[in-house]
Structures are given as structure tokens and as C-alpha cells.
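In: The following block contains a protein sequence and its predicted model.
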Amino acid sequence: MNPVYYVTTPIYYVNAEPHIGHLYSTLVADTLNRFYQSLGYATRFQTGTDEHGEKVVQAAQKEGKDAKAYADRVSRLFREAWPELNIRPDRFIRTTDEAHIRVVTQILQRVYDSGDIYFSEYGGHYCVGCERFYVDRELVDGCCPDHKQELHYVKEANYFFRMSAYQDWLIGYIRENSDFIRPERYRNEVLSFLSEPLEDLCISRPKSRLTWGITLPFDDRYVTYVWFDALINYLSGLGYPDDALYSRFWPAAEHIIAKDILKPHGIYWPTMLKAAGIEPYRHLNVHGYWNLEQSKISKSLGNVIRPRDLKDKYGVDAVRYFFLREMVFGLDAHFSEEGLIQRINADLANNLGNCFSRTLTMIARYSGGLVPVPGETGAEEEALKDLLARCAREVRQEVQKFALHKALMSLWEVIDGANKYIDAQAPWTLAKDPGKADRLQTVLYFLAETLRQVALLLAPFLPQTAEQMLTRLGLQYDAPVPQWDRVLDWGGLPPGSPVEVGPALFPRIEVKKEVPAATPPPKKQVEAAPQAPAAPSPVPPQTGLPIEAFQQWDLRVARVLSAERVPKSKKLIRMEIDLGEQRTLVAGIGQDYSPEEMVGKHIVVVANLQPTKLMGVESQAMLLAANDGEHLKIVVPEGEMPPGAKVK
Ligand code: ME8
């Protein structure tokens, strides 16, 4: 029987529309789900909406709707948001589902019968936003620490869950199971809560105050506290207690949440399970907040960014990549559209996209569009294979620890390695020498095979990109996710496979940038050349320019990130360069250099010229090249220099 994996997200309140905070938890769950599928696990992925409670009633009232009609509308927004990002849960649960209500009622009755629910009078400061009572010491200036709203003292008779009875058991359990709550900082936070006496949990609301909830089976004057109701979704969604799904998947439960709901998941939930005689979940995986300009994203702050808008603007996989790569799981991260664009341009367009299109273009050009038969291999090929094998190991380890950003970093090391391999092997040079035909085939095969494996490793993260890459390498994509065994099987790409060059995997996002005010250099003192090579002119006589004249030129080292021919031009090559910032440069070097061999080169450019248009493309810097009247040789710094280094 296959091993099993059950991954859940919080069920989201329907008082807000889906935003990027919700997206992140759900995306991580989808990635984990696909990853374990690729390892051959039987998996289950559940998300949904939390629809009862006072907050939802208030939100419905604002829209002039009754609570159920309102919840139906917003729940649908969540349900429809996920497939748009290629997030595919197996179950979307709603706390208004009849089956869920039945399970909540059953568990309440069971805990009540065992004597762990009692009736008592209670007073406290109630926060509707948090749906819970606060004790005095938790308030900040009389306000809720999260919602910053003044709280009023409420006194009423209610039912209580005897949570305090399970405090010692929980402390022991967390100590014995060191990764029950992870990363460690959150385990420590829970242990620190537990170092104070635990209060019993108020689990009812009188119907005189709130009717939108699940009626207590033992007293119909009350509805259930929304958290006691919501947490049970993780069981009811599996058909607890009788369904085979429950017995199969519950022991493998992995909950994903953000730190805002650590206490209900780290304390209420395990003690509720214990009281109901159910085994605890396997792990609680806690991530930080996505912040916008130093504040948490929230509807009340009006700074919500909708996942759908990002997807429409940048594409599904670019958005998936950004969120998975940018956040260190467990810590807070910062969202900005500039950050997203930077990642798209640097990692996706320039690195992955370029490596892929360079490789396929060269196979098309030098091997008739068919994956060649590799010949003898050398140390470089072994190094590439080792890099991939290490990456596969790291991806597996890091994903299992939820360090998705590290898994992606490791994959990008391979892509970097492949780009460097292209530069070092220079297939365009090999292609000029018929004696090197074998070597050329080996290099092209290794590149294509590396990209096949990269695509397979990437599949749980960026499924569409992986599918495109494999299809264009002439392979089939095994939906929903290719099996992991095929990744480690070097040489899985059959020679003779027809490749399809196709469009860029990730088009670069052009941003209107402020080009620094250029100081125009004195005219005609320097060849306006690479664009138009002319006969060498004699070295000017030593009439002597003042040094200030030279100092007007801002010469910089730049790295070529990507290069392509300008359509309909024999000479012009358009390059994206990094000189500390990214710019576009157009140079007339196309008769002496191919775009492929330019990528990765360090060049020298004049950085403070006014931009000029060449065949419709704006060039924002000028490349330096020596010119003997027949050929050009670009000027390069000797050895490594960081992009942006000044040349003087
Ligand atoms: O708390 N950064 O629902 P909720 C990262 N219904 N993640 C964020 C985020 C942000 N800025 N904002 C929201 C509830 N999230 C309860 C849960 S579960 C039995 C009941 C994500 O709509 C993150 O997963 O307030 C967080 O824990 C969750 O949304 C809170 O969603």
C-alpha cells in the first residue's frame, strides 16, 4: 500500500475576499501535495471556508444579506480562486456543510458526556475580530493586541471546555515530539504559553447574542464557539468517524497555518482531540506574515492584493514562483510588485528561460532540431551530473522540511551551472569545427537532459512550466505530476527526440525606469561604433585632452543577462545587461558574435549616454569593442569583476 500524506490549510473566514496571505498557505499546500504525489504517496489536500460566527454576521449585514447567502457568495470566491493559480485541492469544505455540522455535534456530545464540558458564569473582554475573550493582562491599553480596537467587558453564562486538564499532557507531548510544531520558534512560543496556567475554553455563545452557528446538542439556547466548530473541519472533511478516508489519512495530517492562529492550532486543537479520544495531528507547520509596507495585509487595513489580479498581470507560474521562493517558511516576508518583477526578470526570464531557449535554439540550429546522441563525456559533464544529483537530494530534503525557498535555490544553482556550462563549452565555436562534431553533440545532449531533469524537479512548484519544458523537449508530461524515480534516472531523454523552440517561457517585464540624466560626452571624440564598424583611424596625435574630458565618461563593467537578434537586422543584437541595475543595450556586433555566446559575458559599456533608438529598440548604454575595419572584438575586463564596477 502506498504511503499517505494529508495536507490542510486553514479554512478561511468568509468576511474577506481571497488575498495573497491566503494564497500563500494554499499554494504551499498544493506544492507539498504535488511533491508527495511525485514520490508515489496517496495524498489528500483540503482547504475551505469558515462561515459561522459574529464576524461573518457583521460582514453580511454590511452587504444587506442574510448570513448564508453572504457566505455562499464569498465561499465561492475562495473555491474559484484556487484553480486559477493551478491549485487543486481534493476537498473544499464549508462549515455550513451538513456533514460537517453532524461531526461537530457528535464530538461536542462525546466530550460533554465524558465530563470535559461544564456550564459556568464568565466575564472577559470580548473581541469580535478574534472571536474570543481576552483576560486583562493580554490587552494593550485596553485594546485587542491584533485588531487595536477597544474591548468591552462582557459577562455571561456559558459552556466551557476543560482545556486546563490537558495542559500537562500537552507539554509532555510537545517535548517528546520535537517537530510536532515547527519551525522551532513556534514550538517554543507554544511551550511558553503553556508555562502559564491554561484557562478553560469558553465554547458557546448564547443565541440571544448570536444565532449564526451550530446549536449545542445538549443545550439549544446556545451555538458553538466558532473555533470549536472550525478546527473539526480537519476531521469532518475525511468523513470522521466511519469513512475509510479518515482512518487512512488522519494519522498523516500536516496542518499549514500562519502564526496568527498558532494558539488555536497549537493548544485548543490537540487538547480537543485528546478529550475526544483522537490521536493528535502529525505536524503543525507555521509560516510568517506577508507584509505590505511593514503592515500585515488585512481587509480592515484596506491593503488587499487579489491573487487573480496578479495572475492576470504576470501569469500563474511567475506568481507561484515568487511566493514560494521569496518567503523563508516561518519568517515574515515583504510583498512588492517591484520585488515580483525582479524575480521574474532575473530568475525566470534571464536564468531559466534563457537557458531553455539557448539550448533549444542551438539544438535546432546545430542538430536539425533533434536531441543528439551524446559522445564521450568529460569532467564538465560529470560535474553537471553531480550538481543535479545533489540538487535532487536537497530538493527532497528541503521540501520535506517545508523549506521550499531552499529547494528552489538549489534548483537555480543547477540552472546557473547549465548556463555557465554553455558559456564554457561555447557550442557555437564547436559548431565551426567539423572535428568537434562529437563534442558538440555531447554538450547539447547534456544541456537538454539537464533541462529535462530540472523540469521534473520543478513540476510540483511550477506545473505549467514543467509541462511546457517537457513537451518542447519532445516528451510527455504525466499528469498530475511526473514520478520522482524518473528524475534520478540520468539519460531518460531519448536521442532523436524532436524539440520545439517556441516562444520565451517567461517574457521579460519591461519597467519604465528612470535613466540617470546623462552627461553627453563631447561629440565625435569616440567612435560611435560597435553599431557601425568603420576603418580603423590612426591613433590621434598627442594634442592632449584634459583628464576631465575622460572623466565625463561613465564606463562600467556589465554582465550580459540575455541576448537576441533584433528582427530584420543582420548586425544588431539586443541584450539585457546588469550593471548594478538592469538595462537594455543594442549593439552592432551580430556579424562577429552570436546572441548565445554573448550571454554571461562581462563587457565594458558607456553608462551615461542619452538613450538612442536602433531599429525601434531603445539602447540605454553603449558597448565598447575594438575594430580593425573587418572584425569587432568586444572589450572585456580581465578576470571576474562584479557588474557595475567602474572602469577608469
Ligand atoms: O483565521 N500572511 O481565517 P482567516 C500570511 N477561519 N498568511 C496569511 C496572511 C498574511 N498576511 N493573512 C492571512 C482564520 N493569511 C480561521 C481559521 S482554521 C480551522 C480556521 C492566511 O481568514 C494564513 O494561513 O483569518 C492565516 O493563518 C490564515 O490565512 C487566516 O485566515
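Out: Looks like it came in fine.
In: And for residue 327, nearest residue in space, chain neighbours not counted?
Out: residue 333 (4.0 Å; CB to CB, 6 or more residues apart in numbering). Any C-beta I mention is one placed from the backbone N, CA and C, and that applies to glycine too.
In: Can you get me a residue count around the residue in the stretch 151-300 of the chain that the ligand sits nearest to?
Out: Closest residue of the stretch 151-300 of the chain to the ligand, CB to the nearest ligand atom: residue 258 (3.4 Å). Residue 258 has 19 neighbours, counted by other CB atoms under 10 Å.
In: likewise residue 552?
Out: 11.
In: dump the residue contacts of residue 343.
Out: 318, 321, 322, 325, 326 (CB atoms under 8 Å, 6 or more residues apart in numbering).
In: one more time with 7 Å, if that's ok
Out: Residues near residue 343 by CB atoms under 7 Å, 6 or more residues apart in numbering: 321, 322, 325, 326.
In: Quick one, grab the pLDDT at the second one.
Out: Right, residue 322. Predicted confidence (pLDDT) at residue 322: the value is 98.
In: Just checking the host helix or strand of it against the ligand, any contact.
Out: In this assignment (DSSP states H and E), residue 322 forms part of helix 316-326. No - residues of helix 316-326 are not located near the ligand by CB under 6 Å from any ligand atom, the shortest gap being 9.8 Å.
In: For that helix, give me every contacting residue.
Out: 23-24, 27, 31, 85-86, 310-311, 333, 339-340, 343-344, 348, 404-405, 408, 461-462, 464-465, 506.
In: how many neighbours does whichever residue of the chain sits closest to the ligand have?
Out: The nearest approach of the chain to the ligand comes at residue 21, 2.1 Å away (CB to the nearest ligand atom). The number of residues packed near residue 21 is 23, by other CB under 10 Å.
In: same deal with the one 10 residues further on?
Out: For residue 31, the tally of surrounding residues (other CB under 10 Å) stands at 24.
In: Grab the nearest non-local neighbour of it.
Out: Looking at residue 31 with CB to CB, 6+ apart, the closest residue is residue 460, at 5.1 Å.
In: How about the secondary structure of the one you found?
Out: coil (DSSP: H, G, I helix; E, B strand; the rest coil).
In: Is the residue of the stretch 151-300 of the chain closest to the ligand bridged to anything, and to what?
Out: Judged by DSSP bridges, the bridge partners of residue 258 are residue 287.
In: quick revisit: now for the residue nearest to residue 327: which residues touch it?
Out: Contacts of residue 333 by CB under 7 Å, 6+ apart are 288, 290, 326, 327.
In: Please identify which pair of those residues lies farthest apart.
Out: Farthest pair in those (CB to CB) is 288 and 326. Separation: 11.5 Å.
In: how near is the residue of the chain closest to the ligand to residue 261?
Out: 12 Å (CB to CB, to the nearest Å).
In: again with residue 306
Out: From residue 306 to residue 261 the distance is 22 Å (CB to CB).
In: For residue 545, what are phi and psi?
Out: phi -90, psi 150 (degrees, to the nearest 10).
In: before we move on, back to that, looking at the contacts of residue 343, which one is closest to residue 501?
Out: residue 321 (22.3 Å).
In: And stretch 108-127, what's buried?
Out: By 16 or more other CB atoms under 10 Å, the buried positions in stretch 108-127 come out as 108, 110, 111, 112, 116, 117, 124, 125, 126, 127.
In: An error on my part: the question was meant for stretch 455-467.
Out: 455, 456, 457, 458, 459, 460, 461, 462, 463, 465, 466, 467.
In: now, the most widely separated pair of these?
Out: Across the buried residues of stretch 455-467 (CB to CB), the longest gap, 13.6 Å, separates 457 and 467.
In: gap between residue 191 and residue 607?
Out: Taking CB to CB, one finds residue 191 at 55 Å from residue 607.
In: Residue 329 too?
Out: From residue 329 to residue 607 the distance is 39 Å (CB to CB).
In: before we move on, back to that, ok, of the buried residues of stretch 108-127, which one's closest to residue 593?
Out: Using CB to CB, these come closest to residue 593 at residue 127, 65.5 Å.
In: Verify the contact between the closest one and residue 147 for me.
Out: Yes - if you go by CB atoms under 7 Å, residue 127 and residue 147 touch, sitting 6.0 Å apart.
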